[in-house]
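Undergrad: Compute the structure for the input listed below.
(2 chains)
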Number of protein chains: 2
Amino acid sequence: MNLTKPIQAGYFSGQSVFDLAQRLRAGCLTSVELTEAALDSIERLNPILNAFVCVDAAVALAQASKADELFEQGQDLGPLQGIPVAIKDNIDTFDHVTTYGSAHFAGCKPEHDAVCVQRLREAGAVIVGKTLTHEFAYGPTGDRSLQGAARNPWDATCITGGSSAGSAAAVASGMVPLALGTDTGGSIRIPAALCGVVGFKPSFASVPLEGVFPLASSLDHVGPLANHIEDARLLFEVIAGRRCAASTQARPLRVGWIASGSFGAVDAELDSQVYQAAQQLFGEGLQTVDELALLSAEMKATLQVLQRAEAFNVHAERMQNAPQLFEDEVRERLELSGEVRGWQYIRAQSGQARLKAAIAQIFQRYDLLVSPSVPITATPVDARVVQIGAQDMDVRAALLSHTSAWNLTGLPAISLPVGLVRGMPVGLQVIGAAGEDDRLLTLMGQRFPR
Amino acid sequence: MNLTKPIQAGYFSGQSVFDLAQRLRAGCLTSVELTEAALDSIERLNPILNAFVCVDAAVALAQASKADELFEQGQDLGPLQGIPVAIKDNIDTFDHVTTYGSAHFAGCKPEHDAVCVQRLREAGAVIVGKTLTHEFAYGPTGDRSLQGAARNPWDATCITGGSSAGSAAAVASGMVPLALGTDTGGSIRIPAALCGVVGFKPSFASVPLEGVFPLASSLDHVGPLANHIEDARLLFEVIAGRRCAASTQARPLRVGWIASGSFGAVDAELDSQVYQAAQQLFGEGLQTVDELALLSAEMKATLQVLQRAEAFNVHAERMQNAPQLFEDEVRERLELSGEVRGWQYIRAQSGQARLKAAIAQIFQRYDLLVSPSVPITATPVDARVVQIGAQDMDVRAALLSHTSAWNLTGLPAISLPVGLVRGMPVGLQVIGAAGEDDRLLTLMGQRFPR
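TA: Predicted structure coming up:
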């Protein structure tokens, strides 16, 4: 949709996994060829983008050969067989070093695969490497980790967004056609929007979290980043361990545009471009919803309390024994997180339940809600203040402002690339009702041009 | 069991609700006569004991007349019809002032009955008044409340224990044959033990808590205080809204005596007397269990974190706006409670689940566990240090030491009066497996002499 290629573009730039899967089965290409193309693209582009933090060509090529053998024997494990995939480095892989982006785990190799990785292997996917995560996934910029900053394929002086920084850069630059990310406050959708790819956060608990390093257990999600909705759907089906149901839609779609400003300031040009994209997609069905503005402050505050208390719970011993190993900004966030009181956490838990119910009420009148995924385009690496209109905003707060509500409520939400503003990608976020992942993917797959 | 009457003894001292119910039905006495006897006993003894904080003779007598009318019409609502009952003052009653023991609620009258009170009314019971609770039920001594200290019928210079202080004193002194209490760390069993009556904390969530002022929502329980196990059972059946199932016991009972000291120091004479009582009750089946000693410290710490965070959650606004209205000791506890961190609460929640599972393992080998209910006899009102052996102990910690584990684990536990030590009552605590309230009551009803 009006996106030209990013400056840094590899073999898989814009390619469709559907097409690749057909060509593999037609014998037009092999998984080894695809994997070599991925490894070549990584070799060429990764020194600029820092998307991958661990690549093992031998391991990847062995998996690719295995996939090709199965093809030769007529064995078909499904559409991901032989397809190169990248895994965010906060997800365990037994055969790759997994650092969670932190000096605390430099050089560590987990004993087991995460369940979602295991499912990818069973589907015949080729794991080419691990992608950079903001340290412990605790940050939306993607420029603070053991391995430094990931860089945006559209402008390498800018952030990718995070925390699934490397996964977004790897897909956006065409190093791989698919990647796994995680999303606790927007960590899939934010870098997807900033890098111009599709990022899908499924419903809470729809993909098992075993083997994914926790950030905040009541908000954590695993999901796909891809060039196309259909490809995101294929990856989602594998990690969720089930096929998506076909959606039957009798009546016209009721789509609510979340009134601009409900979740905080939005860059005016970006807002207008995303709104136009929504109008093109949904036409007359698009209505403006005002009520979210009344809930947004409470949603943010509630999420923040849950996230802080749960994050500190994960890191309490490390904060006690080796605080110096954390990157400074992450340690500062954790110090604040340790201060959340028990009674505040209890209130946030009941607040979460209450807010879920309030949002469910709104979804009685709408099939989908839409908004910008992120109210700004990618900022320079290390920048922490951004101007929106005349207003100085904290970059991190701005990045998270439009996505985190859907972690709190656990609703499925997808970010779709809808063009460029001042040369940088912007995303449209589409949110589905509780548990309606399949319907969201089907509806958007039908409407959103490849 | 070897208890003579307390110094302060009213009409219902030692009486059985079973007997009274029979005599009401035989026409030997009326509910109005019973209620007048209760009111007379209260008038005579309450100036000494301070058990009741609100009594309304007119309201009580009207209920009694109604019960007598129903008897005359041949209508029988069950064994509690016409029986005088006392309600702890942290349980809502629409027709009595309900203060929760606090200046924050001086003179307040709730709009509705608590669900358990509603059930008592439907069973035809006569509510004679409200009994003193430690302020907001947040204390095991029963000597800190808007209405001062309740006093022990066996020695009015001593505490009743708490927080169901007035309910225990009212039953022990024979003002009423039955009373409702609440128990978050031992608040039914502690005063039952110190006053020489039966106190039963049922399984967590077996009695609805609507209309009971919360102390700590994951630990709160409602239950009966009575002269006899059968009477406690009658009251439990009414507030639980169901009849107890008859227990069938094929094999010999396996009873575990919790090794003395597992939950902290115990007065030696008390320990030996309670152990002898357990031997008399269970004979050869009694074996010593050592494992609890390994879990007790973690159980106490876990309960403390849950209780503190949940208690502060209830009182945060009052602590902000009118801290001076709290009794000093309760305010100090709340100040500490506000400091519990969110991450500690999260850990305590998972700790509770883990400890429940560990205790369930022990109950695979035992039908019942037994211990002293409280390791000391009643201390003087306002005393905060007690000697156990050569050791100085905090009175409140000692009072709670043997009961609170069964709030954390939610198991049914009953305190039975098993004689006097140095002239003051002591209690045997019998703990049942998860959900086995009925079996515990049946087994103990068969074994424990009236």
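
Undergrad: and the stretch 251-400 of chain A, which of its residues are near chain B?
TA: A:305, A:308-310, A:312-313, A:316, A:337-347 (C-beta under 8 Å from any C-beta of the partner chain). To be clear about C-beta, it is placed using only N, CA and C from the backbone, and glycine gets the same treatment.

Undergrad: Please flag which of the residues you listed sit within helices.
TA: Using DSSP state H, the members of these that fall in helices are A:305, A:308-310, A:312-313, A:316, A:337, A:342-347.

Undergrad: and of these, the nearest to B:T377?
TA: If you rank those by distance to B:T377 using C-beta to C-beta, A:G342 comes first, at 34.6 Å.

Undergrad: burial of that closest one, as a residue count?
TA: A:G342 has 27 neighbouring residues, counting by other C-beta atoms under 10 Å in any protein chain shown.

Undergrad: follow-up on the earlier one: filter the residues of the stretch 251-400 of chain A next to chain B down to the buried ones, ChimeraX style.
TA: Filtering those down to the buried ones (16 or more other C-beta atoms under 10 Å in any protein chain shown) takes a single ChimeraX command:
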select /A:305,308,309,310,312,313,316,337,338,340,341,342,343,344,345,346,347
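
Undergrad: Tell me the buried residues in whichever strand or helix holds A:C116?
TA: Secondary structure from DSSP states H and E places A:C116 in helix A:115-122. Under the neighbour-count criterion of 16+ other C-beta under 10 Å, helix A:115-122 has A:115-121 buried.

Undergrad: Stretch A:67-82 now?
TA: Within stretch A:67-82, the residues that count as buried by 16+ other C-beta under 10 Å are A:67-68, A:70-71, A:77, A:79-82.

Undergrad: quick one, strands of the stretch 201-350 of chain A?
TA: Taking DSSP state E, counting those that start in this stretch, the strands of the stretch 201-350 of chain A run over residues A:222-226, A:255-258, A:286-289.

Undergrad: what inclination does the first one have with respect to helix A:115-122?
TA: Interaxial angle, strand A:222-226 versus helix A:115-122 (axes from the mean of the first three to the mean of the last three C-alpha atoms, to 10 degrees): 50 degrees.

Undergrad: Report all helices and strands that strand A:222-226 contacts.
TA: Identification of packing neighbours for strand A:222-226 by 3 or more C-beta pairs under 8 Å, 6 or more residues apart in numbering or on different chains; DSSP states H and E yields helix A:165-172, strand A:178-182, strand A:198-201, helix A:229-240.

Undergrad: And for it, what's in contact with it?
TA: Contacts to strand A:222-226, defined as C-beta atoms under 8 Å, 6 or more residues apart in numbering or on different chains, come from residues A:17, A:91, A:116, A:164, A:167-168, A:171, A:177-183, A:188, A:191-192, A:197-202, A:207-209, A:212, A:231-232, A:235-236, A:239.

Undergrad: ok and it relative to helix A:229-240, angle-wise?
TA: Counting by the same axes, to 10 degrees, strand A:222-226 points 150 degrees away from the direction of helix A:229-240.

Undergrad: Restricting to C-alpha, output strand A:222-226 in PDB.
TA: Extracted as PDB, the C-alpha positions of strand A:222-226 are listed here (Å, rounded to 0.1, in the frame of the first residue of the first chain):
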ATOM      1  CA  VAL A 222       3.700 -13.900  21.500                       C
ATOM      2  CA  GLY A 223       2.900 -13.200  17.900                       C
ATOM      3  CA  PRO A 224       4.100 -12.900  14.300                       C
ATOM      4  CA  LEU A 225       5.700 -10.200  12.200                       C
ATOM      5  CA  ALA A 226       5.400 -10.600   8.400                       C
END
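
Undergrad: Between helix A:165-172 and it, find me the angle.
TA: 30 degrees.

Undergrad: Using TSV, lay out the strands of the stretch 201-350 of chain A together with mean neighbour count.
TA: Output for the strands of the stretch 201-350 of chain A, formatted as TSV (neighbours: other C-beta atoms under 10 Å in any protein chain shown):
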stretch	mean neighbour count
strand A:222-226	31
strand A:255-258	22
strand A:286-289	15
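
Undergrad: got those strands as a markdown table, with distance to B:A360 and mean pLDDT columns?
TA: Formatted as a markdown table, these follow (distance: least, C-beta to C-beta, whole Å; pLDDT from 0 to 100):
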| stretch | distance to B:A360 | mean pLDDT |
| --- | --- | --- |
| strand A:222-226 | 32 | 98 |
| strand A:255-258 | 48 | 97 |
| strand A:286-289 | 49 | 96 |
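
Undergrad: domain ranges for chain A?
TA: A:17-240, A:255-306+A:348-447 (automatic domain parsing).

Undergrad: Looking at those domains, which one is packed in the most?
TA: Across the domains of chain A, the average number of neighbours (mean count of other C-beta atoms under 10 Å in any protein chain shown) peaks for domain A:17-240, which reaches a mean of 24.

Undergrad: Now do the end-to-end distance for that one.
TA: One end of domain A:17-240 sits 18 Å from the other (C-alpha to C-alpha, to the nearest Å).

Undergrad: can you give me the offset of that domain from its chain's centre?
TA: Its chain's average C-alpha position is 10 Å from that of domain A:17-240, according to C-alpha atoms, centre = their mean, to the nearest Å.

Undergrad: Stretch A:306-315 too?
TA: Stretch A:306-315 sits 21 Å away from the centroid of its parent chain (C-alpha atoms, centre = their mean).

Undergrad: So which residues make contact with that stretch?
TA: Contacts of stretch A:306-315 (C-beta under 8 Å, 6+ apart): A:136, A:138, A:184-185, A:214-219, A:319, A:326, A:333-334, A:336-340, A:344-345, A:348-349, A:352, A:408, B:341-343, B:345-347.

Undergrad: What helices and strands are in contact with the worst-scoring helix or strand of chain A on mean pLDDT?
TA: For chain A, counting by mean pLDDT, DSSP states H and E, helix A:437-447 ranks last in confidence among helices and strands (a mean of 93). Helices and strands touching helix A:437-447, by 3+ C-beta pairs under 8 Å, 6+ apart, are helix A:229-240, strand A:413-421, strand A:424-432.

Undergrad: wait, which of the helices and strands packed on strand A:222-226 is closest to A:I414?
TA: The nearest among those, by C-beta to C-beta, is strand A:198-201 at 4.6 Å.

Undergrad: Which secondary structure elements does the closest one sit against?
TA: Judged by 3+ C-beta pairs under 8 Å, 6+ apart, strand A:198-201 is in contact with helix A:189-195, strand A:222-226, helix A:229-240, strand A:413-421.

Undergrad: Over to A:D76. Which of the three states is it?
TA: Secondary structure, DSSP: H, G, I helix; E, B strand; the rest coil: A:D76 is coil.

Undergrad: returning to what we had before: Serialize the helices and strands packed on helix A:437-447 to JSON lines and add fields for distance to A:A150 and mean pLDDT.
TA: Listed next are the helices and strands packed on helix A:437-447 as JSON lines, based on distance: least, C-beta to C-beta, whole Å; pLDDT from 0 to 100:
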{"stretch": "helix A:229-240", "distance to A:A150": "20", "mean pLDDT": "97"}
{"stretch": "strand A:413-421", "distance to A:A150": "17", "mean pLDDT": "97"}
{"stretch": "strand A:424-432", "distance to A:A150": "15", "mean pLDDT": "98"}
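
Undergrad: could I get those as CSV with distance to A:T379?
TA: Below are the helices and strands packed on helix A:437-447 laid out as CSV (distance: least, C-beta to C-beta, whole Å):
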stretch, distance to A:T379
helix A:229-240, 25
strand A:413-421, 13
strand A:424-432, 10
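
Undergrad: Below-threshold pLDDT in chain A: ranges please.
TA: Within chain A, the stretches with pLDDT under 70 are A:1-3, A:247-250, A:450.

Undergrad: Now with 80, please.
TA: Applying pLDDT under 80 to chain A flags residues A:1-4, A:246-251, A:285, A:449-450.
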